[in-house]
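*Asks:* sequence-free structure coming up:
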């Protein structure tokens, strides 16, 4: 018994499924390339430019993996680094509330935008629990703060 070939519209539906799944998942640009591969094979199949079913699956695999290897990193750099840098930079100048007393040049915890952060007191005076403090710099996941 011979397998029936996957029709061109089946590839297009598979491609749309992968693209929708990419939009629904957090993450790192993986499924979009499989969606693009399926859309490419669907287009070629619709134009009668593919051969047997195994050839369609081979083309799908090659298109998807090549696109993943060559285009994922540039997409990550374009979409994530710009947004992440802006989000971190926007913390500077904000006012946080100390959750712990923080001595000068010591690390404690502060609350900012509803989340607890590690914070280093870079001011000249200790920061008391509940005191407001200004964020002057962000070093990774640690905020540099000064009491107000």
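*Replies:* Yep, that arrived. In this text, all values refer to a predicted model and were calculated from it rather than measured experimentally. Numbering: from 1, shown residues only.
*Asks:* how far away is residue 63 from residue 14?
*Replies:* 12 Å (CB to CB, to the nearest Å). For glycine as for every other residue, the C-beta is placed from the backbone atoms N, C-alpha and C.
*Asks:* same thing with residue 44?
*Replies:* Residue 44 is 14 Å from residue 14, by CB to CB.
*Asks:* same deal with residue 141?
*Replies:* Residue 141 is 40 Å from residue 14, by CB to CB.
*Asks:* who has more neighbours, those two?
*Replies:* residue 14 (19 against 8; other CB atoms under 10 Å).
*Asks:* quick one, what contacts the more buried one?
*Replies:* Counting by CB atoms under 8 Å, 6 or more residues apart in numbering, residue 14 makes contact with 35, 38, 42.
*Asks:* host element of the second one?
*Replies:* What that stands for is residue 38. helix 31-46 (DSSP states H and E).
*Asks:* following that helix, which helix or strand comes up?
*Replies:* In N-to-C order, the element after helix 31-46 by DSSP H and E is helix 53-76.
*Asks:* Checking the residue nearest to the spatial centre of the chain next. Helix, strand or coil?
*Replies:* Central residue of the chain (CA atoms, centre = their mean): residue 27, 4.6 Å from the mean position. What DSSP: H, G, I helix; E, B strand; the rest coil gives for residue 27 is coil.
*Asks:* and it, what is it in contact with?
*Replies:* Residue 27 neighbours (CB under 8 Å, 6+ apart): none.
*Asks:* any idea how far it is from residue 73?
*Replies:* On the measure of CB to CB, residue 27 and residue 73 end up 14 Å apart.
*Asks:* Ok, residue 142 next?
*Replies:* According to CB to CB, residue 142 and residue 73 sit 28 Å apart.
*Asks:* about what we covered before: can you tell me which of the contacts of residue 14 has the most neighbours?
*Replies:* Top of the contacts of residue 14 by neighbour count (other CB under 10 Å): residue 38, with 26 neighbours.
*Asks:* Surely that one touches residue 6?
*Replies:* No - with contact defined as CB atoms under 8 Å, residue 38 and residue 6 do not form a contacting pair (9.8 Å).
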